[in-house]
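A.B. asks: I need the structure of the sequence given here:
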Amino acid sequence: MLTERGPAQACVARLRCAGFGVRAAAPWHDRAVFTSGSPRPMWPCKQLDLSWRDWRFALGCCLAPSPWEEAAEGVERLWPSGQGALACLNVRSAFDLYLRVRRWPPGDEIVFSALTVPDMPAIARRHGLRVVPIDVDAETGAWRADDLERVIGPKTRAVVLTHPFGARLDVGPAIALARAHGIVVIEDCAQAYRGPGWTGHPDADLALFSFGPMKTATALGGAVAHVRDPETRERMHRQRAREPVQPTAAFLRRVLLAGALKCAGNPRIYGALTAVLDAVGADREHWIHRLTRNTRPGTASLRLRPCAALLGLLERRLSEGDAPVTRRTAPGRALFEALGPGVCLPTRDAEPHAYWIVPVLVPDPEACKQVLRRAGFDAMSGRLCAVSGEGVDVLGARRLANAVHLPFDPDMPLDELVRLGESMTRYDARARP
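C.D. replies: Next up, the predicted model:
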């Protein structure tokens with residue numbers, strides 16, 4: 001049991017009274033089954049949001065896939081306003097497809113909120129477009145409309161607005177400004193899926209939703225592009241039809257890897273694996289990011305249609321509605337509350353929130369990760385980057401790109417979530433001047 005209880009323990013009592021159960025067993029780090037010589041249990045930074053039933057279903061889809069058109073229609077008809085939906089291999093593939101259809105001349109500009117995955121601006125540059133970043137606030141992840149107005153020029157064709165870490169930001173002012181200048185608005189909702197009931201801002205030209213390996217309601221790949229203009233969607237549909245289909249064998253390998261990762265996600269097993277990696281001097285973050293990456297670098301891997309097996313699993317996940325998000329809400333709030341008010345927790349006050357990632361800003365990320373790992377929590381750095389640009393200061397995005405991501409999974413016992421919050425709070429109090 002925990003010994004020195006802090007103020008965050010109040011959230012345990014409140015959530016118990018509200019009907020959110022807490023496992024009766026002792027916390028992982030106190031279990032007597034571990035001898036002094038055995039590896040310490042370790043909570044992974046991120047778990048696959050995939051049940052074993054989902055995994056077996058995916059395996060069955062690989063062995064007996066449906067006809068491709070039938071599988072694609074199954075996904076797209078589950079999306080609200082189904083005529084606007086287009087199933088793609090991943091968000092990067094959908095973005096590349098959209099740019100191919102729009103055919104903006106080389107040298108035209110596309111504005112990005114400065115915190116994103118590296119591949120998105122790289123794809124724009126591959127199309128000959130000049131990437132212009134707008135900085136984001138380090139505490140909210142949001143951009144400012146006046147910053148956007150300053151970078152809009154005669155060659156600006158589009159703005160890409162990212163909802164970070166599971167938070168949904170207010171894109172209304174940016175959309176109004178873009179409309180006044182005749183600029184396309186692309187919402188990158190890859191981190192903010194909240195169930196098929198939310199399809200992005202109704203005035204956005206394109207909204208992109210990801211179901212990659214580490215996403216909420218994962219289908220181990222796949223994306224849905226919500227395209228506002230019917231003519232643009234039809235052109236994208238025709239272009240997609242000319243692309244080869246992802247080999248089912250490639251998706252089967254991903255399904256088998258997911259099974260191995262699910263087994264490895266058990267804190268006992270994960271603790272042993274990380275102990276081995278540390279003993280041989282391997283970079284655990286490099287290997288974990290490599291194993292869970294959704295796509296390979298390069299254009300060829302983008303220009304494929306998702307195979308029918310992937311689409312079958314994606315249809316199953318969409319049919320769950322908002323259940324995958326709802327189950328994260330109470331545990332996510334518990335962890336947020338357990339993190340003291342002094343901890344710099346970006347998107348802390350965002351509503352609604354899908355609690356996809358829990359980032360914290362600290363003076364020394366590496367020291368913070370080591371302290372939390374000694375407590376049994378494998379905090380890690382993320383994959384997001386700060387988009388660079390000539391003469392544009394993106395200090396807020398750089399801070400967020402260096403954030404430490406705390407382990408979080410809705411199946412973590414509540415006592416462990418509180419212990420994580422208190423461990424982080426104590427470290428933060430010591431680390432700050």
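A.B. asks: got the buried residues for stretch 383-393?
C.D. replies: By neighbour count on 16 or more other C-beta atoms under 10 Å, the buried set for stretch 383-393 is Arg383, Leu384, Cys385, Ala386, Val387, Gly389, Val392. Just so you know, the C-beta spots here come from the backbone N, C-alpha and C atoms, and that holds for glycine as well.
A.B. asks: Nearest residue to the residue nearest the centre of the chain in space, please, no chain neighbours.
C.D. replies: In the chain, the C-alpha nearest the mean C-alpha coordinate belongs to Gln191, at 3.8 Å (C-alpha atoms, centre = their mean). Among residues not flanking Gln191 along the chain, Trp356 sits closest, at 5.4 Å (C-beta to C-beta, 6 or more residues apart in numbering).
A.B. asks: doesn't Arg194 make contact with that neighbour?
C.D. replies: No. Between Trp356 and Arg194 there is no contact under C-beta atoms under 8 Å: 9.9 Å.
A.B. asks: okay, these two: which has more neighbours?
C.D. replies: The neighbour comparison of Trp356 against Arg194 (other C-beta atoms under 10 Å) goes to Trp356, with 25 against 21.
A.B. asks: gap between that one and Ala217?
C.D. replies: As for Trp356, its distance to Ala217 is 10 Å (criterion: C-beta to C-beta, to the nearest Å).
A.B. asks: Same question for Gly182.
C.D. replies: Gly182 sits 35 Å away from Ala217, going by C-beta to C-beta.
A.B. asks: Which one's more surrounded, the two?
C.D. replies: For the pair Gly182 and Ala217, the greater number of neighbours falls to Ala217 (25 against 8), based on other C-beta under 10 Å.
A.B. asks: burial count for Ala94?
C.D. replies: Ala94 has 29 nearby residues by other C-beta under 10 Å.
A.B. asks: quick one, phi psi at it?
C.D. replies: Main-chain torsions, Ala94, degrees, to the nearest 10: phi -70, psi -40.
A.B. asks: Check Trp79 too.
C.D. replies: Dihedral pair for Trp79: phi -80, psi 130, per degrees, to the nearest 10.
A.B. asks: so it touches Leu318, yeah?
C.D. replies: Yes. Shown here, Trp79 and Leu318 form a contact pair, counting by C-beta under 8 Å, at 7.1 Å.
A.B. asks: residue ranges with poor pLDDT in the stretch 151-300 of the chain?
C.D. replies: Within the stretch 151-300 of the chain, the stretches with pLDDT under 70 are 294-300.
A.B. asks: quick one, helices of it?
C.D. replies: According to DSSP state H, counting those that start in this stretch, the stretch 151-300 of the chain carries its helices in the segments 172-180, 230-241, 248-264, 267-279, 284-292.
A.B. asks: Where does pLDDT dip in the stretch 1-150 of the chain?
C.D. replies: In the stretch 1-150 of the chain (pLDDT under 70), the answer is 1-38, 81-82.
A.B. asks: repeat that with 80
C.D. replies: 1-39, 81-83 (pLDDT under 80).
A.B. asks: what are the ranges of the helices in it?
C.D. replies: Secondary structure of the stretch 1-150 of the chain by DSSP H, counting those that start in this stretch: the helices cover 9-17, 52-63, 68-78, 91-102, 119-126, 145-151.
A.B. asks: Determine which of the ones you listed approaches Pro341 most closely.
C.D. replies: With C-beta to C-beta as the criterion, Pro341 lies closest to helix 9-17 of the helices of the stretch 1-150 of the chain, at 13.2 Å.
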